[in-house]
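got a predicted model here, sequence first, then my questions.
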Amino acid sequence: RKCIISWLPVQTVQPTGRTAAERMTKILLIHCGEEDILSDTNKGAEAVAVTTVELLRQSFPEAEIASFLNFSEDFARKLDVRVVRMRHSQHLPRFFSEIGWWFVLLGGLLRRWLDKFCHVDARFLLRGRRLREYITADVVIYVGMDYYSEDISTRVVLRHSRDLWLAALLGKPVAVWAVSAGPFHSRLARWAVRRVMKRMALITVRDSLSRQFLEEAGVNPDKIHLTADPAFLLQPPNGERVDDILTKAGLTEDGRPVFCVNPSHSFITPSQEASRGTGGWYLRVMGLAGSLLASLLPESLFTPLLNLVKKTFLYRAVDTRYAEYKAFFAGLIDRLVEDYDATVLLVAHDQAMAQLFDDRIVTGEIKSGVRHRDRVVSLGTGLSAADIKGVIGRCDVFIGARFHATIAALSQGVPSVWFPHYHKCALVEDLGMGGFICPAYTREATLPLVGKAWRERELLRRELLKKAAQARELAALNGEMAGRLVPSA
């Protein structure tokens, strides 16, 4: 595969006294999203980060890895990754930094034109700490996961496209790393995607629908490689460690089946289709308004304003939907205990306190509404993504709303019923589990799928283990192809 960008000739900045052959390869991880939120508090993001770094270490054994993803200090130390911290004042609106980055992109374009047509090295146009990271990188890896989509917002697509374009303007080989991309509804978004993807050195997607969306946007199909999510490669801990976690949680082997239930704080709707009613549209408008105000107002004003809105009638629809969501899961857990004589394991997979809700808070409130609380077990705190994956692997059936918690189950052959968000259901369909995607948070939709997963669990486990092995091979291709971006690797 050709992985060379020849669009922009740029003089590479080398450290003083060292040639390109002598200096250490530098890899820059970017996300272009909410880099100020600790990424590893979301266990799905942690799983992707761990496996991504492992794959890159295999292809670039001696490389320095820098990251715009905001890992905690302990987590960054374990990965041996240098985190480039964001400097953001609570008293300044976020759109100030957004505007600044658009000017940086204009500066990059101007430098390109001056270099190409006037043969002037206008390096003075590119200043700043983050820009220095781009300039000194040998390869840029875009770990976008599911953010590159207009289902989130057009603004997010343009913002991510801007940062990818900037890296290409600086002459860096950029790898789009195992993303779920699209859909792209507007002409503006499709134009941006088409222009930017043309300049990427490598594009890998983790599901077939993402490839379709990129092709519909006008991206050359020959540049798109279907791989798999790196999280399939995450290794669970040994059996003794998993036994210790379960014992501390109070889960003992008593012959009862174990059902894992994984709610999410993103409780508005399990799918886009289910949000087309009046209430769903109101909640989506509230979300868009909140996102806009979060950009326009400084954090010191937005936070108290949000707390004030929560006490008014404007927030009543959110409170109502949240109460319905908790009642659904509490009722579902009671039915699992009554119908299958099961022990239920509640798993919180996103533990980001900076979010509006925390999965640990949601699971705690759901548990308080269960009648058979003595049959419900919650995991302790301080567990890694690998720990949680090991625990999920001990379950008989998984029922969840978190994408990477579902991957943790499917990759170990655990039959799963999943509540989809956006188009990430394509990956589950690629694994042959499309018939177990639940379209709504209702017992009428969920219980028949749970019953089918339970009855067919042995057959499903065998099939899933075969397909998970294939997915791991495809996931490893991400690292192999990225290794070809730097000749010295």
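Alright, I've got the coordinates.

can you check the pLDDT for residue 5?
pLDDT, residue 5: 31.

likewise residue 91?
pLDDT, residue 91: 50.

which residues touch residue 189?
Residues in contact with residue 189 (CB atoms under 8 Å, 6 or more residues apart in numbering) are 150, 154, 157-158, 217. Backbone N, C-alpha and C define where each C-beta goes, glycine included.

of those, which is the most crowded?
residue 157 (27 neighbours; other CB atoms under 10 Å).

helices or strands next to the helix or strand where that one lies in the packing?
Per DSSP states H and E: residue 157 is located in helix 154-169. Contacting helix 154-169 under the criterion 3 or more CB pairs under 8 Å, 6 or more residues apart in numbering; DSSP states H and E are the following elements: helix 95-117, strand 139-142, strand 174-179, helix 187-197.

buried ones in the helix or strand just after the longest one?
Per DSSP H and E, helix 95-117 leads on to helix 129-136 as the next helix or strand towards the C-terminus. The neighbour-count check on helix 129-136 (16 or more other CB atoms under 10 Å) flags 130-131, 133-136 as buried.

dump the residue contacts of the residue most central in space within the chain.
Nearest to the centroid of the C-alpha atoms of the chain, with distances taken as CA atoms, centre = their mean, sits residue 145, at 4.2 Å. By CB under 8 Å, 6+ apart, the residues touching residue 145 are 31, 44-45, 48, 179-180.

isn't there a strand covering residue 260?
Yes - counting by DSSP: H, G, I helix; E, B strand; the rest coil, residue 260 is located in a strand.

partner residues bridging it?
The partner list for residue 260 in beta bridges (DSSP bridges) reads residue 345, residue 398.

surely it touches residue 401?
No - using CB atoms under 8 Å as the test, residue 260 is too far from residue 401 to be in contact (11.8 Å).

what is in contact with the two at once?
Joint contacts of residue 260 and residue 401 (CB under 8 Å, 6+ apart) do not exist.

residue 168 versus the residue located most distally from the centre of the chain, what's the distance?
Distance from the centre of the chain peaks at residue 118, with 42.5 Å (CA atoms, centre = their mean). Residue 118 is 21 Å from residue 168, where distance means CB to CB, to the nearest Å.

where does the stretch 301-450 of the chain dip in pLDDT?
For the stretch 301-450 of the chain, the stretches with pLDDT under 70 are 351-357, 422-423.

which parts of it are strands?
Assigned by DSSP state E, counting those that start in this stretch, the stretch 301-450 of the chain shows strands spanning 343-346, 376-378, 397-400, 416-418.

who touches the first one?
I take that to be strand 343-346. Contacts for strand 343-346 (CB under 8 Å, 6+ apart): 249, 251, 254, 256-263, 333, 336-337, 363, 366-367, 375-379, 391, 395.

returning to that earlier point: turn the strands of the stretch 301-450 of the chain into JSON lines, including mean neighbour count.
Output for these, formatted as JSON lines (neighbours: other CB atoms under 10 Å):
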{"stretch": "strand 343-346", "mean neighbour count": "24"}
{"stretch": "strand 376-378", "mean neighbour count": "20"}
{"stretch": "strand 397-400", "mean neighbour count": "26"}
{"stretch": "strand 416-418", "mean neighbour count": "28"}
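
looking at those strands, which is closest to residue 323?
With distances scored as CB to CB, the stretch of the strands of the stretch 301-450 of the chain nearest to residue 323 is strand 343-346 (18.1 Å).

out of the buried residues of helix 129-136, who's nearest residue 210?
residue 134 (25.3 Å).

quick one: contacts for that closest one?
Counting by CB under 8 Å, 6+ apart, residue 134 has contacts 28, 140, 166-167, 170, 172.

repeat that for residue 347.
Neighbouring residues of residue 347 by CB under 8 Å, 6+ apart: 260-262, 363, 379, 388, 391-392, 400, 405.

quick one: which of the residues you listed is nearest to residue 420?
residue 400 (10.7 Å).

my read: the closest one touches residue 418, true?
Yes - applying CB under 8 Å, one finds residue 400 in contact with residue 418, separated by 6.1 Å.

helix/strand/coil for residue 251?
From three-state DSSP, the assignment for residue 251 is coil.

sorry, slip of the keys, the one I care about is residue 465.
With three-state DSSP as the basis, residue 465 sits in helix.

for the nearest residue to it once chain neighbours are set aside, what are its contacts?
With CB to CB, 6 or more residues apart in numbering as the criterion, residue 465 has its nearest non-adjacent residue at 4.2 Å, and that residue is residue 413. Counting by CB under 8 Å, 6+ apart, residue 413 makes contact with 460-462, 464-465, 468.

those residues, buried ones only, as a PyMOL selection?
The PyMOL command for the buried members of the contacts of residue 413 (criterion: 16+ other CB under 10 Å) is given here:
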select buried, resi 460+464+468
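
ok, so of the contacts of residue 413, who is nearest residue 80?
Among the contacts of residue 413, residue 468 lies closest to residue 80 (CB to CB), at 27.9 Å.

okay, and the closest one sits in which element?
Assigned by DSSP H and E, residue 468 falls in helix 457-482.

how far does that helix sit from the chain's center?
From the chain centre to the centre of helix 457-482 is a distance of 19 Å (CA atoms, centre = their mean, to the nearest Å).

do the same with stretch 329-345
Distance, stretch centre to chain centre, for stretch 329-345: 29 Å (CA atoms, centre = their mean).

likewise for stretch 430-438?
Centre-to-centre, stretch 430-438 and its host chain are 20 Å apart (CA atoms, centre = their mean).

and the nearest residue to residue 403 once chain neighbours are set aside, what does it touch?
Nearest in space to residue 403, with sequence neighbours left out and distances taken as CB to CB, 6+ apart, is residue 424 at 5.1 Å. Contact analysis of residue 424 by CB under 8 Å, 6+ apart lists 146, 180, 207, 403.

where's residue 424 relative to residue 473, distance?
Plainly put, residue 424 is 21 Å away from residue 473 if you go by CB to CB.

still on that earlier bit, how about the contacts of residue 424 in TSV, adding distance to residue 446 and neighbour count?
Shown next, in TSV, are those (distance: CB to CB, whole Å; neighbours: other CB atoms under 10 Å):
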residue	distance to residue 446	neighbour count
146	23	20
180	24	24
207	23	26
403	18	24
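
now, the most widely separated pair of these?
Distance extremes for the contacts of residue 424: the farthest pair is 207 and 403 at 10.8 Å, using CB to CB.

now for these two: what residues contact both?
By CB under 8 Å, 6+ apart, residue 207 and residue 403 have these common neighbours: 424, 427.

what residues do residue 400 and residue 418 have in common as contacts?
residue 406.
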